[in-house]
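# Give me a 3D structure for the following:
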Amino acid sequence: MKLYLLAVAAALPAIAAAPDLMKGNTFGNPKAPLLIEVFSDFECPACKYMHDKEVPQIMKDFVDKGKAYMIYRYDPLQMHQHSRQAAELVCAAAQLGKYVQASNALFANQETWSKDGRVAETLDAVLTPEERKKVRASLKEPAVQTEITHDVEEATALQVPGTPTLLITYRASRYPLSGPGVMQYELVKGFLESLLAK
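Reported below is the predicted structural model:
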């Protein structure tokens, strides 16, 4: 099965987030040759698979070795009842430096909270009582809402077909990768290595 390359980046609009918009959801060296943006929805089963199986390998082989800088983009799909709330809670937790703990908790328990709607309660398990208060208080703050709105608008502008989608930027060219091939790490790895070999 081939990796689905949506388009070559030169034709894509460049919508860059101001550095102060992103907090806690970036990994690696911003000066790395590859930029990998992961458009993800916390209620999406395929996103859970990518988070659990693919991203750790990308981190190990590319981010940790200084070859790539990774940004998680909040892309809550309207078809998922609790995905916007999940994105808001994780983004608020990220403001406290708890992105990894929050995203891990929601993906690990996705099957439960996506049915019963107890998103906040699921997140509470990895937060202190004081952090819970701060997260709840900051949910409607501009720092949270602006970042999510920016990411959703970028996904719309780039015509991201669904989640998960990887948007790879290399030497000012952008390559959106989506479809079943994104769920096969060896294909993704091969594509990233081919860019670095240019």
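# tell me which strands and helices the helix or strand harbouring Gly190 is in contact with?
Under the criterion of DSSP states H and E, Gly190 resides in helix 185-196. On a contact count with 3 or more C-beta pairs under 8 Å, 6 or more residues apart in numbering; DSSP states H and E, helix 185-196 meets strand 34-40, helix 55-58, strand 165-170, strand 173-178. Using the backbone N, CA and C atoms, a C-beta is placed for each residue, glycine as well.
# Just name the most buried of these.
strand 34-40 (a mean of 23; mean count of other C-beta atoms under 10 Å).
# Show me how far that one is from its chain's centre.
7 Å (C-alpha atoms, centre = their mean, to the nearest Å).
# got it, and stretch 140-150?
The mean C-alpha position of stretch 140-150 is separated from the chain mean by 15 Å, C-alpha atoms, centre = their mean.
# tell me the strands in this structure, going along the chain?
4-5, 26-27, 34-40, 68-74, 165-170, 173-178 (DSSP state E).
# Confidence-wise, which of those is weakest overall?
Mean pLDDT is lowest for strand 4-5 among the strands of the chain, at a mean of 48.
# Compare the helices and strands packed on helix 185-196 and give me the one nearest Glu147.
strand 34-40 (13.1 Å; C-beta to C-beta).
# residues in contact with the closest one?
For strand 34-40, the surrounding residues in contact (C-beta atoms under 8 Å, 6 or more residues apart in numbering) are 47, 50-51, 55, 58, 62-63, 67-75, 151, 155, 160, 163-170, 192, 195-196.
# Pull out the CA atoms of it and give them to me as CSV.
Output of strand 34-40 as CSV, limited to C-alpha atoms (Å, rounded to 0.1, in the frame of the first residue of the first chain):
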residue,chain,number,x,y,z
LEU,A,34,12.2,18.6,8.8
LEU,A,35,9.0,20.1,10.3
ILE,A,36,6.4,17.5,11.1
GLU,A,37,2.9,18.8,12.0
VAL,A,38,0.5,16.1,13.2
PHE,A,39,-3.1,17.0,12.7
SER,A,40,-4.9,14.9,15.3
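# related to what we said a few turns ago, among the contacts of strand 34-40, which ones are buried?
47, 50-51, 55, 58, 62-63, 67-75, 151, 155, 160, 163-170, 192, 195 (16 or more other C-beta atoms under 10 Å).
# pLDDT of stretch 48-56, averaged?
Here the average pLDDT along stretch 48-56 is 95.
# For it, which outside residues touch it?
Here stretch 48-56 has contacts from Val38, Ser40, Met70, Ser103, Phe107, Gln110, Pro164, Val182, Met183, Tyr185, Val188, using C-beta under 8 Å, 6+ apart.
# worst-scoring helix or strand of the protein, pLDDT-wise?
Within the chain, no helix or strand scores below strand 4-5, which has a mean of 48 by mean pLDDT, DSSP states H and E.
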